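S.K.: compute the structure for the input listed below.
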Amino acid sequence: MRKFVFSLALIFSILFLPTTGTAHASPTTVVLTDEQLLEMAEKHNWYGRQLQSSDEPLSINELSEQLFKQMKQKKGTFDIPMSRTLDRDGETQKDIQLKINEAVYQAMKLASQKDEELSYDVKKYSFKYVYWSNRIEFQFTFEYGQTLEQDQFVEKRIKEIAASIIKPSMNDHEKVKAVHDYIILNTAYDESLNQAVNNPYHLLTKGTSLCGGYSRTAALLFKEIGIPARVISGTSRNVGHAWNLVQVDGHWFHLDVTWDDPIPDEPGRIYYDYFLLPDKPLRKTHFWTDGGLNKKDAPYPKATTVYEQLLEEKGMRSFGRDIGIHSVVADTEEEIMERFNEAIQKYDPQLSVLVDQSMTKDEAWKIVNRINRKHYRNMKISFLFPNDDSTRTDSRYPDKKRFTLFMDHHYVPTVTSLKPITLWPTEVHTNDAFELNALATWENGKSYDVTNDVDLNIVADRNNFTRTGSTLYFQGSGPIDIVMSYKGQQYKHSLLIRGNEEIDDIEDETEQPGTPPLPEPTPTLQEKLKEYTAFSEETPVAEPTKVWTIAFNANVQQTERSSVALFNHKGEAIEATISLPTKRPNDQLTIAPKQPYRVGDRIYVLLNNWADEDGNELDVPIYFDFFVQ
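M.R.: Just a heads-up that it's a prediction; the model follows:
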């Protein structure tokens with residue numbers, strides 16, 4: 001996709017006119033256009049240096065302030081009279097003019113950096129000056145992309161848009177996405193490359209623009225909502241191009257709204273291939289240097305953070321998945337089908353799968369047709385897949401193709417609960433592995449494992465733990481709160497991390513027969529047990545390899561709601577093998593530990609939602625406990 005921006009480089013030429021007398025007596029007139037002034041800046045390396053006040057032929061700050069004032073009012077032609085310093089002995093007319101020219105260049109650079117949007121609205125300018133031994137008179141002529149009245153319209157419209165798309169509950173990631181999406185959904189790229197439309201006013205009134213209009217409008221919206229942002233000018237595919245730098249959670253990222261808008265325009269379609277990228281992957285397609293094409297932009301901040309890692313740290317995995325950043329990899333047709341079917345079961349609106357580069361669009365159509373035949377009554381399905389001759393590459397996964405399925409469900413039930421699949425412990429020790437797990441239940445009664453989909457927020461010092469997938473490892477000690485969320489539901493769990501020095505020595509104790517010690521369950525487990533009825537008031541003693549047989553008064557069946565869960569008194573989940581006879585009579589359930597129970601533990605066995613062959617479930621959930629000795 002070719003992207004263009006009007007050249008923001010200023011067009012100058014310079015003409016050294018013969019003097020009408022000496023510099024100390026008669027006036028000398030110099031006429032300049034900006035192209036040659038920029039060439040002089042390149043030749044003499046004016047961009048990277050700052051004149052000492054003693055070397056200034058005139059006050060650069062004063063000239064900059066005057067220029068900015070007139071530019072802000074969108075004045076076309078205006079005069080600026082100034083005093084200037086006396087010439088030094090031995091200076092030629094060429095020396096004097098070169099110093100004045102550099103002063104103008106530095107003043108314009110300062111004025112431009114006061115308001116980046118104003119700087120990008122200057123299409124071109126020219127100027128001339130007449131100087132005497134102690135004074136100088138400038139005349140500047142500017143041409144702008146927008147009038148003052150159009151600026152005022154844009155300012156008002158930006159406020160209206162920001163108020164309509166930003167909600168108080170949004171974090172910075174969601175705000176950036178809202179701006180990105182609004183511009184793409186309401187703008188079509190002008191394939192005629194008409195430079196007259198390359199500004200925010202035309203984008204906001206006509207709905208078409210080029211990259212200058214996209215990036216400048218984005219920057220104005222970010223400024224309105226308090227998100228630090230820059231317009232960056234560079235090149236791509238050997239033509240001028242503009243995009244944004246945006247700061248999110250203290251990290252800078254590149255954002256190319258233009259390249260995320262499909263060409264030709266596809267109403268409702270949004271890409272996220274160039275959404276919050278660091279420098280490294282973007283440099284494969286975009287090129288820039290400090291100062292931009294005009295050599296006057298303020299230095300650009302470095303973008304070194306990988307956005308996917310930031311989302312992981314912030315516990316925003318579902319946000320990344322929803323915009324296709326966190327994508328699953330599938331190598332075969334059946335794996336692709338499996339991933340899409342999992343997303344359909346959870347009523348997800350879309351899912352991106354990374355597939356091999358060799359996959360064709362016809363093969364993608366085949367998969368979509370299979371899915372559509374199965375689910376067409378419940379949803380409308382569409383998909384996004386690169387054309388076989390497409391040159392578009394995924395900036396994050398250049399060796400893969402992105403296969404995105406969009407699922408417009410006719411009915412989306414609400415998630416009514418989110419909880420762990422197995423009870424989480426309330427205490428762990430340093431370097432223990434803490435396994436996260438999550439089960440979501442919808443209002444239609446369906447439940448699915450959403451461990452890999454939940455957003456996770458851990459309130460603790462980031463240096464206290466590391467996360468690998470769904471496993472946490474704690475290096476420090478102290479209390480933390482784990483908050484997982486999924487589709488509007490939250491589950492909060494308080495956890496105490498004990499340092500190794502806090503581990504109590506285990507002392508061997510000889511207990512009197514018939515009087516085993518009975519440790520009390522943790523408060524969290526006690527609350528859980530209130531949902532169940534005790535099968536017996538007695539707590540028998542069992543050996544570490546004990547296999548329990550539960551007898552029912554009728555043949556039983558296991559449904560998708562049936563569960564058997566084992567915990568020790570500390571709330572730690574115990575893995576066990578649950579067996580039900582496949583032939584009648586099937587009125588017995590066996591429970592065997594996968595590893596021997598730990599001596600000294602009090603084990604709780606919780607049974608729920610078991611039913612007879614007619615579907616009649618247990619009146620109430622039940623539990624029993626035993627002591628391992």
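S.K.: pull the longest helix from the protein.
M.R.: helix 93-114 (DSSP state H).
S.K.: and that one, what other elements does it pack with?
M.R.: Judged by 3 or more CB pairs under 8 Å, 6 or more residues apart in numbering; DSSP states H and E, the packing partners of helix 93-114 are strand 14-16, strand 28-33, helix 34-44, helix 60-72, helix 116-121, strand 122-131. Every residue, glycine included, has its C-beta placed from N, CA and C.
S.K.: what's the weakest-modelled helix or strand in this structure?
M.R.: strand 14-16 (a mean of 35; mean pLDDT, DSSP states H and E).
S.K.: where in the stretch 501-629 of the chain is pLDDT low?
M.R.: 501-517, 560-561, 582-585 (pLDDT under 70).
S.K.: for it, what spans make up the helices?
M.R.: In the stretch 501-629 of the chain, the helices defined using DSSP state H, counting those that start in this stretch lie at 523-529.
S.K.: which residue ranges of it form strands?
M.R.: 533-534, 541-542, 548-551, 556-557, 563-568, 573-574, 576-579, 588-593, 602-608, 611-612, 622-628 (DSSP state E, counting those that start in this stretch).
S.K.: buried residues in the fifth one, which are they?
M.R.: For strand 563-568, burial by neighbour count (16 or more other CB atoms under 10 Å) applies to Ser563, Ala565, Leu566, Phe567, Asn568.
S.K.: could I get the residues you listed as a markdown table with distance to Asp362?
M.R.: Shown next, in a markdown table, are those (distance: CB to CB, whole Å):
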| residue | distance to Asp362 |
| --- | --- |
| Ser563 | 44 |
| Ala565 | 47 |
| Leu566 | 50 |
| Phe567 | 52 |
| Asn568 | 55 |
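S.K.: closest to Met407 among the residues you listed?
M.R.: Ser563 (29.0 Å; CB to CB).
S.K.: who's in contact with the most centrally placed residue in the chain?
M.R.: Nearest to the mean C-alpha position of the chain, counting by CA atoms, centre = their mean, stands His173 at 5.3 Å. Listed by CB atoms under 8 Å, 6 or more residues apart in numbering, the contact set of His173 reads Val248, Asp249, Leu311, Lys314, Met316, Phe319.
S.K.: count of neighbours near the fifth one?
M.R.: Residues lying near Met316 (other CB atoms under 10 Å) number 21.
S.K.: sorry, back to before: can you say which of the contacts of His173 are buried?
M.R.: For the contacts of His173, buried by 16+ other CB under 10 Å: Val248, Leu311, Lys314, Met316, Phe319.
S.K.: just give the nearest non-adjacent residue to Lys75, would you?
M.R.: Using CB to CB, 6 or more residues apart in numbering and skipping residues adjacent in sequence, the residue nearest Lys75 is Phe142, 6.9 Å away.
S.K.: in the helix or strand harbouring that neighbour, what's buried?
M.R.: Assigned by DSSP states H and E, Phe142 belongs to strand 135-144. For strand 135-144, the neighbour count (16+ other CB under 10 Å) marks Ile136, Phe138, Phe140, Phe142, Tyr144 as buried.
S.K.: switch those residues over to a markdown table; also include distance to Ser327 and pLDDT.
M.R.: Converted to a markdown table, the buried residues of strand 135-144 look like this (distance: CB to CB, whole Å; pLDDT from 0 to 100):
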| residue | distance to Ser327 | pLDDT |
| --- | --- | --- |
| Ile136 | 61 | 93 |
| Phe138 | 57 | 95 |
| Phe140 | 52 | 96 |
| Phe142 | 48 | 95 |
| Tyr144 | 43 | 95 |
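S.K.: just put those residues in CSV and tack on distance to Phe127.
M.R.: Converted to CSV, these look like this (distance: CB to CB, whole Å):
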residue, distance to Phe127
Ile136, 11
Phe138, 6
Phe140, 4
Phe142, 9
Tyr144, 15
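S.K.: now, among those residues, which is nearest to Leu203?
M.R.: Tyr144 (16.0 Å).
S.K.: thought the closest one was touching Asp121?
M.R.: Yes: under the criterion of CB atoms under 8 Å, Tyr144 makes contact with Asp121 at 5.2 Å.
S.K.: strands of the stretch 301-450 of the chain, start to end?
M.R.: Using DSSP E, counting those that start in this stretch, strands in the stretch 301-450 of the chain cover 328-329, 350-356, 379-384, 400-409, 415-419, 427-429, 433-435, 439-442, 447-449.
S.K.: closest one to Gly76 among those strands?
M.R.: Per CB to CB, nearest to Gly76 of the strands of the stretch 301-450 of the chain: strand 379-384, 46.9 Å.
S.K.: just checking: what are the partner strands of that closest one?
M.R.: Here strand 379-384 has these sheet partners by DSSP bridges: strand 400-409 (antiparallel).
S.K.: now tell me what touches the partner strand from outside.
M.R.: Under CB under 8 Å, 6+ apart, the answer for strand 400-409 is 273, 324, 327, 329, 336, 340, 343-344, 347-357, 359, 364, 367-368, 371, 378-386, 394.
S.K.: out of those, which are buried?
M.R.: 273, 324, 327, 336, 340, 343-344, 347-348, 350-355, 359, 364, 367-368, 371, 379, 381, 383-386, 394.
S.K.: ok so, going back, closest one to Asn608 among the helices and strands packed on helix 93-114?
M.R.: The closest of those to Asn608 is helix 116-121. By CB to CB, the value is 61.2 Å.
S.K.: just checking, what packs against the closest one?
M.R.: Against helix 116-121 (3+ CB pairs under 8 Å, 6+ apart) you get helix 60-72, helix 93-114, helix 211-225, strand 229-236.
S.K.: my guess is Pro521 meets Leu529, correct?
M.R.: Yes: with contact defined as CB under 8 Å, Pro521 and Leu529 form a contacting pair (6.8 Å).
S.K.: shared neighbours of the two, anything?
M.R.: Tyr604.
S.K.: just to revisit the earlier point, list the helices and strands the strand holding Phe142 packs on?
M.R.: Checking 3+ CB pairs under 8 Å, 6+ apart, strand 135-144 ends up next to helix 60-72, strand 77-83, strand 122-131.
S.K.: mind exporting the C-alpha coordinates of whichever helix or strand comes after it to CSV?
M.R.: Toward the C-terminus, strand 135-144 is succeeded by helix 148-165 as the next helix or strand (DSSP H and E). Extracted in CSV, the C-alpha atoms of helix 148-165 (Å, rounded to 0.1, in the frame of the first residue of the first chain):
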residue,chain,number,x,y,z
LEU,A,148,-8.1,30.6,10.9
GLU,A,149,-11.8,29.9,10.6
GLN,A,150,-11.1,26.3,9.6
ASP,A,151,-8.7,26.0,12.6
GLN,A,152,-11.5,27.1,14.9
PHE,A,153,-14.0,24.6,13.4
VAL,A,154,-11.4,21.8,13.8
GLU,A,155,-10.8,22.8,17.4
LYS,A,156,-14.6,22.6,18.2
ARG,A,157,-15.1,19.4,16.3
ILE,A,158,-12.2,17.7,18.0
LYS,A,159,-13.7,18.5,21.4
GLU,A,160,-17.1,17.0,20.3
ILE,A,161,-15.5,13.8,18.9
ALA,A,162,-13.4,13.3,22.1
ALA,A,163,-16.5,13.7,24.3
SER,A,164,-18.4,11.1,22.2
ILE,A,165,-15.7,8.4,22.0
